[in-house]
Every structure is written in structure tokens, then in C-alpha cells.
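Just the structure for this:
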Amino acid sequence: MNKIQLTSCGVVFNEQDHTYTLGEKQLQGITGVLQRRLFPDKYADVDPEVLAKAAARGTAIHRYCQIYDELGIVTEGCEEVTHYAAMCKALDLVPVASEYLVTDGEHYASKIDAVYQGENGVILNDRKTTYHLDKEYVSWQLSIYAWMFERMNPGVEVEGLTATWMREGICEYVGIDRKDASLVEALLQADINDEPFQYYPDADDVPDYISKVQRELANIDSSMKMLKARQDALKAEVLARMSEEHASTIRTELATFSRVAPSQKYVFDEKRFMENHRDIYDQYCTKLQSRKESLTIKFK
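Numbering: from 1, shown residues only. This next block holds a predicted model:
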């Protein structure tokens with residue numbers, strides 16, 4: 001089987017500051033789109049130092065896998081690439097390209113970790129070294145890549161999307177669902193316009209009264225999160241300046257800005273008290289508190 005020839009998009013990737021440039025135009029990466037429009041809280045609870053170490057580790061593993069794809073060399077001391085090489089041989093994966101740059105030619109660009117030979121086209125692959133494999137995230141990521149790939153290579157069909165998950169001795173080759181091109185285009189257009197985007201997978205038996213309002217509620221929720229993030233950023237900026245100037249209170253025609261100094265206080269450990277003194281705790285749990293009926297909505 002002849003090796004498929006892929007189009008070069010002309011984008012220049014600067015690894016040091018992770019930027020994409022096409023001519024004199026700087027393009028945005030797809031990771032930012034996903035964070036802004038679909039997964040804003042994905043790593044919100046992870047310590048930045050932990051994230052930085054994980055990113056450095058992931059970058060090294062990606063590089064070693066690229067070396068194997070292009071040269072067939074297994075880097076010594078890297079368990080992940082050893083398992084990756086064994087997987088490629090077992091599944092007869094033939095790389096067409098590694099770290100292949102794709103772009104829409106106007107706004108976005110990114111690198112596809114691996115492009116494998118398919119039966120009549122290609123299979124796109126993303127390598128993940130995260131603690132868990134987030135298939136929904138990878139589905140959006142690879143679907144965008146596939147959309148750009150086919151625009152650049154109109155004669156080459158993307159037959160499938162896959163992920164290679166490498167973590168602590170695990171090396172799994174996982175099939176990934178592809179999002180419809182219309183959804184990809186809607187997501188990118190929302191990002192270009194700086195508008196909220198909400199995606200709802202098809203669901204059976206959704207009541208009409210929910211179908212009628214769910215998108216509006218989701219848009220409101222997304223807008224509130226964006227406004228809250230902006231509010232927090234502005235408050236942090238004001239607090240920093242007031243702290244520098246040792247200002248405690250500033251009054252304007254609209255509001256009073258008060259800087260609260262850091263402090264410590266003792267709090268009552270109810271859980272510990274209940275465990276150690278359950279008999280006394282029960283004596284004081286005599287007040288019945290009523291709570292009104294309410295609705296909780298958790299957006300994806």
C-alpha cells in the first residue's frame with residue numbers, strides 16, 4: 001500500500017511559547033477553544049505546580065513517541081514508549097505522520113499527535129498521559145482536528161478517531177466518537193464571536209417543558225460563569241492596587257470598596273464533635289429546620 005501524501009499547511013509552531021503562526025498572522029490553538037467554550041473547569045481543582053509537572057512529563061512522552069513513529073527508535077528509560085512500540089506492532093499501526101500540523105487557514109491551528117494508515121484513508125490519534133481518559137474531551141478535540149484535516153486534504157478520508165492512553169504501565173488504544181461537522185463549525189464560530197456555546201447530546205424521553213428552556217438556561221449559566229470570572233479578575237486587580245497603596249476604604253458615587261486584611265479564626269469542628277461526643281450532640285439536635293422545594297441543575 002502506497003503511503004498517503006499529506007498537504008503541508010505552512011503553519012510555523014514555536015514550541016517555546018506554544019504559538020502558531022501562518023505568514024504574519026498568529027493563530028490560536030484548539031486547547032484554548034475547548035477550555036473557553038466547553039470545559040472551563042476541567043483543571044480548576046488541580047494545583048498549578050502539579051499541572052506543570054504533568055505537562056512536562058506529557059511533552060517528553062509525546063516527543064519519544066514521535067521519535068519512534070519517525071525513526072523506529074525506542075528511547076531507553078521511558079516505560080510509556082516501550083509499551084507504545086509494542087502496541088503499534090501488535091495492532092500493525094503504520095504512521096503516515098507524527099505531530100502533523102493542521103489549520104483552518106484563518107483562526108486556528110494545532111498538531112495531531114499521530115496520523116495512521118487506514119484501509120482507504122487515515123486514522124487520527126491523540127496521545128493522553130492524564131490520570132483519567134476523558135473521552136468526551138478527546139472527541140471534541142479530534143473532531144476539530146478531523147474537520148481541519150479534511151479541509152486541507154480533500155482527497156483523504158478520515159476513517160476513524162482514536163486515543164492512546166498511557167499511564168503507569170497502561171497503554172490502551174481506544175476508539176473515539178466523532179462529532180458532526182456542523183457542531184464543530186458552530187463551536188468554532190461561537191469562539192470567533194466570543195459567544196457562549198452549549199452542547200447537548202441527543203437524549204430520549206426529554207419532557208417538552210425542559211426542551212423548551214434548557215438551552216436558554218445553559219446560555220445564562222455560561223454567561224454567569226464568564227461574568228463571575230471577569231468580576232473576580234477585576235476585584236483581584238483592585239485589591240492588589242489598594243494593598244500596594246495601603247488603602248483600606250475607597251468611596252465612590254456607585255460603591256464602597258473595602259479591603260479586608262488577612263486574618264485567622266477558630267471554627268467549630270462539628271463533625272469531630274459529633275464523632276467524639278455523640279450523646280451530647282444528639283441532645284442539642286432538637287430544632288427542626290424546614291427547607292423549601294427547589295431545583296438543582298448541573299450543566300455539562
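
Please, where are all the strands along the stretch 1-150 of the chain?
12-14, 19-22, 25-27, 95-103, 109-117, 122-128 (DSSP state E, counting those that start in this stretch).

Now render those as JSON lines, adding mean neighbour count.
For the C-beta atoms, the positions are set from N, CA and C on the backbone; glycine is no exception. Supplementary listing: the strands of the stretch 1-150 of the chain in JSON lines, determined by neighbours: other C-beta atoms under 10 Å:
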{"stretch": "strand 12-14", "mean neighbour count": "13"}
{"stretch": "strand 19-22", "mean neighbour count": "17"}
{"stretch": "strand 25-27", "mean neighbour count": "14"}
{"stretch": "strand 95-103", "mean neighbour count": "21"}
{"stretch": "strand 109-117", "mean neighbour count": "23"}
{"stretch": "strand 122-128", "mean neighbour count": "23"}
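
closest one to Arg251 among those?
strand 25-27 (42.8 Å; C-beta to C-beta).

Sheet-wise, list the partners of that closest one with their directions.
strand 19-22 (antiparallel) (DSSP bridges).

Can I get the partner strand as CSV, trimmed to CA atoms?
Once non-C-alpha atoms are left out, strand 19-22 reads as follows in CSV (Å, rounded to 0.1, in the frame of the first residue of the first chain):
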residue,chain,number,x,y,z
THR,A,19,2.3,29.7,19.4
TYR,A,20,1.1,29.0,15.8
THR,A,21,1.9,31.5,13.0
LEU,A,22,0.8,31.5,9.4
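
For that strand, the averaged confidence score.
Strand 19-22 shows a mean pLDDT of 96.

likewise stretch 74-94?
On average, stretch 74-94 scores 95.

who touches it?
60-61, 64-65, 67-68, 95, 116-117, 127, 129, 164, 166, 169-171, 173 (C-beta atoms under 8 Å, 6 or more residues apart in numbering).

And the helices in the protein?
30-37, 48-71, 79-91, 135-152, 181-192, 208-211, 214-244, 270-276, 278-284 (DSSP state H).

As TSV, those helices with mean neighbour count and distance to Ala109 would be great.
Below are these laid out as TSV (neighbours: other C-beta atoms under 10 Å; distance: least, C-beta to C-beta, whole Å):
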stretch	mean neighbour count	distance to Ala109
helix 30-37	17	8
helix 48-71	15	17
helix 79-91	16	25
helix 135-152	21	8
helix 181-192	16	12
helix 208-211	9	37
helix 214-244	12	25
helix 270-276	10	51
helix 278-284	9	60
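
Check these for me: which has the lowest mean pLDDT.
Minimum mean pLDDT among the helices of the chain: helix 208-211, a mean of 79.

Put together JSON lines for the helices of the chain, with distance to Ser8 on each row.
Below are the helices of the chain laid out as JSON lines (distance: least, C-beta to C-beta, whole Å):
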{"stretch": "helix 30-37", "distance to Ser8": "19"}
{"stretch": "helix 48-71", "distance to Ser8": "16"}
{"stretch": "helix 79-91", "distance to Ser8": "24"}
{"stretch": "helix 135-152", "distance to Ser8": "9"}
{"stretch": "helix 181-192", "distance to Ser8": "22"}
{"stretch": "helix 208-211", "distance to Ser8": "46"}
{"stretch": "helix 214-244", "distance to Ser8": "37"}
{"stretch": "helix 270-276", "distance to Ser8": "61"}
{"stretch": "helix 278-284", "distance to Ser8": "70"}
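
now stretch 53-69: how far from the chain's centre is it?
18 Å (C-alpha atoms, centre = their mean, to the nearest Å).

got the contact list for that stretch?
Contacts of stretch 53-69 (C-beta under 8 Å, 6+ apart): 73-75, 78, 80-81, 84-85, 88, 95, 98-99, 113-114, 127-130, 164, 166.
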